[in-house]
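1. fold the following, please.
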Amino acid sequence: MTTRRRLIGGAAALAGASVLPRVGRAQGKPFIIGSVLPLTGVYAGLGKNFEVGQRVGVAELNAKGGILGRRVELVIRDSAGNPQRSLLAAQELVEEQKADFLYPELPSPNTLAVLPWATERKVITITNSATPRVGNVAEFPYSFQLGDLATKRVPAMAAAMKQLGGKKVGVLVSTNPATVATGQQLVTDLPKWGMESVGYRTYAVDAKDLNALVQAMRDAGADIIAFDSATREGIPVVMSAMQTLGWKAKVVGEPAMLSGDLKEQVPAAVADQFYCVNYRSAVRTGPIRPELQEFINSIKATGPIQNIGFSGIARDIFFMVKYAYEKAQKTKGGFGPDAVKAVLEETATATDFEAGYSLILGNPRWNAKDHSAANVDYSKAWGLVKVSSPVDGIYEGTELNFNEPA
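-> Residues are numbered from 1 along each chain as shown. Predicted coordinates for the structure are as follows:
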């Protein structure tokens, strides 16, 4: 324990671990949410978008009476994208900070480093990590997933590539477990969409040069690239490779890489070649729903919005916590881990699930056999963005409507 304290203390000092001031003691014991995020390192851009959403979400919760009538406090630890630091941070938050709920991590490798320990101790966790393993009940019975499932991105990416005229697809993904799952599923499913996979390559998440891999795709006869990066830094790397090679093929990415101004990330010479599937809530296609606009107004007060989809889905987890813990207290007679787990497993049939609980994906439809996001209604989940500067974290683009092949 002493060693862990020193390691966490050093990590906090070096990497900016953050703790909201403990207020509200006079009104009773606060409800503590412990959160592990990659605020520095290769995933920092992603982590900071989620931090903003979490902080604004906590402010919203407190404005609505907190959780169980208790003021909510958010305690954040920075993992710097290192799985071992993620585990140490999670242990410190639960054992020393006495967190009532744990957000275990964001990048899939880091989350998977935390979940075995959290499972052994029956710690309820909900994460946005996209790898299918996160929602595997047999392996992690107290883990739930509220983020688009990696394999559920595949139909949207395939539909977008078909719409853009792709026939021979080069699949290029980072070695993150979630992106690998997306890539492997694409290779399997592309023939159903009338397309052919002509190459599958992986690369390190922090790769700075993809010229050779992109050239290999070109040599294999690809006329379009399915690209999955897990970080925004992958966008300028792959598009610079397209520019260097003078290759006019289009590139289609997925939500995890979107953050900030795409006009600054994509070289102007290849700007018309990059597209990205994104949450429809973060694609400007029409009027903004009132509950989402309320969140946008709250988050704008903290500074520029990089991607409202990321920040919104981070906020949504905390509202799911409020829903589950309060319903467990009301209907199960307490909010121990098994009671909360039972409530979360009833969301598939819940009649009291309000739109404001989950702004981005809606009801996750969890049940006792599946804690993943596989059962989300994805029929209106997606849009396709082009290179643009986001306004309030929303990119220019179009709705992506499609029917999956039988």
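2. which strand or helix spans Ile33?
-> strand 31-37 (DSSP states H and E).
3. which stretches of the stretch 151-300 of the chain have low pLDDT?
-> For the stretch 151-300 of the chain, applying pLDDT under 70 flags no range at all.
4. which residues of it fall in strands?
-> Taking DSSP state E, counting those that start in this stretch as the criterion, the stretch 151-300 of the chain contains strands spanning 168-174, 196-203, 224-228, 250-253, 274-279, 283-284.
5. contact partners of the first one?
-> Applying Cβ atoms under 8 Å, 6 or more residues apart in numbering, the set of residues contacting strand 168-174 from outside is 161, 179-180, 182-183, 186-187, 190, 195-205, 207, 210, 213-214, 216-218, 220-231, 234, 238. Yep, even glycine has a C-beta here, placed from its N, CA and C like the rest.
6. how about a cut-off of 6 Å?
-> 179, 183, 186-187, 190, 195-203, 205, 217, 221-230 (Cβ atoms under 6 Å, 6 or more residues apart in numbering).
7. repeat that for the shortest one.
-> Counting by Cβ under 6 Å, 6+ apart, the neighbours of strand 283-284 from elsewhere in the structure are 383, 385, 394-397.
8. how far away is Phe31 from Ala178?
-> When distance is defined by Cβ to Cβ, to the nearest Å, Phe31 is 30 Å away from Ala178.
9. again, but for Phe318
-> Taking Cβ to Cβ, one finds Phe318 at 22 Å from Ala178.
10. quick one, which of Phe31 and Ala178 is more surrounded?
-> When Phe31 and Ala178 are compared for neighbours, Ala178 comes out ahead with 29 against 24, by other Cβ atoms under 10 Å.
11. was I right about that one contacting Val134?
-> No - contact criterion Cβ atoms under 6 Å: Ala178 and Val134 do not qualify, at 8.8 Å.
12. thinking again about what came up before, give me the mean pLDDT for the strand holding Ile33.
-> Mean pLDDT, strand 31-37: 98.
13. same check on stretch 359-367?
-> 94.
14. about what we covered before: let's have the contacts of strand 283-284 in a markdown table, adding pLDDT and secondary structure.
-> Below are the contacts of strand 283-284 laid out as a markdown table (pLDDT from 0 to 100; DSSP: H, G, I helix; E, B strand; the rest coil):
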| residue | pLDDT | secondary structure |
| --- | --- | --- |
| Gly383 | 96 | strand |
| Val385 | 97 | strand |
| Ile394 | 94 | strand |
| Tyr395 | 96 | strand |
| Glu396 | 96 | strand |
| Gly397 | 96 | strand |
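15. secondary structure class for Gly45?
-> helix (DSSP: H, G, I helix; E, B strand; the rest coil).
16. tell me how far the residue nearest to the spatial centre of the chain lies from Leu172.
-> For the chain, the residue nearest the mean C-alpha position is Asn128 (4.2 Å; Cα atoms, centre = their mean). Going from Asn128 to Leu172 by Cβ to Cβ gives 23 Å.
17. and if you look at Leu37?
-> 27 Å.
18. repeat that for Tyr395.
-> For Tyr395, the distance to Leu172 - Cβ to Cβ - is 22 Å.
19. still on that earlier bit, single out the most deeply packed of the strands of the stretch 151-300 of the chain.
-> Of all the strands of the stretch 151-300 of the chain, strand 224-228 has the most neighbours on average by mean count of other Cβ atoms under 10 Å, namely a mean of 28.
20. pull the CA atoms of the helix ranked longest in the chain into PDB?
-> The longest helix of the chain (DSSP state H) is helix 308-331. Output of helix 308-331 as PDB, limited to C-alpha atoms (Å, rounded to 0.1, in the frame of the first residue of the first chain):
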ATOM      1  CA  ILE A 308     -19.600  17.200 -28.100                       C
ATOM      2  CA  GLY A 309     -20.000  13.500 -28.800                       C
ATOM      3  CA  PHE A 310     -17.100  12.600 -26.600                       C
ATOM      4  CA  SER A 311     -17.900  15.100 -23.800                       C
ATOM      5  CA  GLY A 312     -21.600  14.100 -23.900                       C
ATOM      6  CA  ILE A 313     -21.000  10.400 -23.600                       C
ATOM      7  CA  ALA A 314     -18.700  11.000 -20.700                       C
ATOM      8  CA  ARG A 315     -21.400  13.000 -19.000                       C
ATOM      9  CA  ASP A 316     -24.000  10.300 -19.700                       C
ATOM     10  CA  ILE A 317     -22.200   7.700 -17.600                       C
ATOM     11  CA  PHE A 318     -22.600   9.800 -14.500                       C
ATOM     12  CA  PHE A 319     -26.300  10.200 -15.200                       C
ATOM     13  CA  MET A 320     -26.500   6.400 -15.600                       C
ATOM     14  CA  VAL A 321     -24.900   6.200 -12.100                       C
ATOM     15  CA  LYS A 322     -27.500   8.500 -10.600                       C
ATOM     16  CA  TYR A 323     -30.300   6.500 -12.300                       C
ATOM     17  CA  ALA A 324     -29.000   3.100 -11.200                       C
ATOM     18  CA  TYR A 325     -28.000   3.900  -7.600                       C
ATOM     19  CA  GLU A 326     -31.200   5.800  -6.800                       C
ATOM     20  CA  LYS A 327     -33.400   3.100  -8.400                       C
ATOM     21  CA  ALA A 328     -31.500   0.400  -6.500                       C
ATOM     22  CA  GLN A 329     -32.100   2.200  -3.200                       C
ATOM     23  CA  LYS A 330     -35.800   2.600  -4.100                       C
ATOM     24  CA  THR A 331     -36.600  -0.800  -5.500                       C
END
